[in-house]
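> Based on what follows, work out the 3D shape:
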Amino acid sequence: MSDNNKPSREAAEEAVRVLLGWIGEDPDRAGLKRTPARVLNSFADWYSGYGVDAAEILGSSFPDAGGYKGMVALTDIDFESHCEHHMAPFIGKAHVAYMPADRVVGVSKIVRVVNVFAKRLQVQEKLTRQIAETINNELHPRGVAVVLEAQHECMTTRGVYKKDIKMVSSTMLGCFDDDAELRQEFLNRIGA
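Prediction:
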C-alpha cells in the first residue's frame, strides 16, 4: 500500500478503539485510554520489515574472502513473526547456511535479512523461502539452506490449544538441494 493510501494514525487508533468496544471493553476506561497509541507503537516494531529492502542489506559483500569455499552457517537465530491468518505471533529459531562462490557477507547481515522478512505478516513456509531466495539472488552462492523451527501461538492460545508443537520448514537451493551429503552436514550442524 502506498503512503498516499495509508490510513492516518488517528484512523488506526480509532480502529483499535472500535476493536476494544467489540470485545466488550470500554475504550474510555482509564487503563485503556492510551492503549490505541501503544498498539500502534507495537505494530510499528512488529511490522517494521515492510519499510526495508532485504536485498539492499546484502549489497555490501566481501569479494573472495581469501578463497574460502566452505560452508558458512549461522544457527539458532532467534526470530519473532506474526501469522497473516490470525496476526498471532510465531516464535522460533532460524538456521541459515550458504556455500560461497565469489563473495561472502558479514554475518550480521544474514541475521538482518531474517529479521526483515520476519517483521512482516507471514506464513512460515513463505518466510523460509524469502530468506533463501534473497541470499541466493544477491550473493550468487553455490547453494543456500534455510531451516526454520517455530511455535505458533495461533495453535497454543486458541484453536486446538496444543503446546510444545514445533513447525519445521526448509528451503534448499543449489548444491544443498543437489548434494545429499552436504545437506546432511548442514542438518547435523543444526541438530536435525
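> residues touching the most centrally placed residue in the chain, list them.
Nearest to the mean C-alpha position of the chain, counting by C-alpha atoms, centre = their mean, stands Ala118 at 2.0 Å. Residues near Ala118 by C-beta atoms under 8 Å, 6 or more residues apart in numbering: 49, 79-81, 127. The C-beta positions use only the backbone N, C-alpha and C, and glycine is treated the same way.
> at 10 Å what do you get?
Taking C-beta atoms under 10 Å, 6 or more residues apart in numbering, we find Ala118 in contact with 46, 48-49, 77-82, 90-92, 94, 124, 127, 130-131, 148, 150.
> Among those, which lie within strands?
77-82, 90-92, 94, 148, 150 (DSSP state E).
> max-length helix in the chain?
When the chain is parsed with DSSP state H, its longest helix is helix 124-139.
> which parts of it are buried?
In terms of neighbour count (16 or more other C-beta atoms under 10 Å), helix 124-139 has its buried residues at 124, 127-136, 138-139.
> Number of residues surrounding Lys119?
Applying other C-beta atoms under 10 Å, we find 20 residues neighbouring Lys119.
> who's in contact with the closest residue to it other than its chain neighbours?
Spatial nearest neighbour of Lys119, chain neighbours left out: Gly49 (3.2 Å); criterion: C-beta to C-beta, 6 or more residues apart in numbering. Each residue near Gly49 by C-beta under 10 Å, 6+ apart is listed here: 81, 115-122.
> show me the contacts for Val52.
For Val52, the contact set (C-beta under 10 Å, 6+ apart) comprises 112-113, 115-117, 119-120.
> Tell me the helices and strands packed up against the worst-scoring helix or strand of the chain on mean pLDDT.
Every helix and strand in the chain was compared by mean pLDDT, DSSP states H and E; the lowest is strand 62-63, with a mean of 74. Here strand 62-63 touches strand 103-104, going by 3 or more C-beta pairs under 10 Å, 6 or more residues apart in numbering; DSSP states H and E.
> can you tell me the average pLDDT over the strand it packs on?
On average, the pLDDT along strand 103-104 is 88.
> Show residues contacting that strand.
The contact list for strand 103-104 (C-beta under 10 Å, 6+ apart) reads 58, 60-66, 68-69, 72, 98, 138-141.
> domains for the protein, by residue range?
The chain resolves into domains spanning 9-46, 56-189 when parsed by automatic domain parsing.
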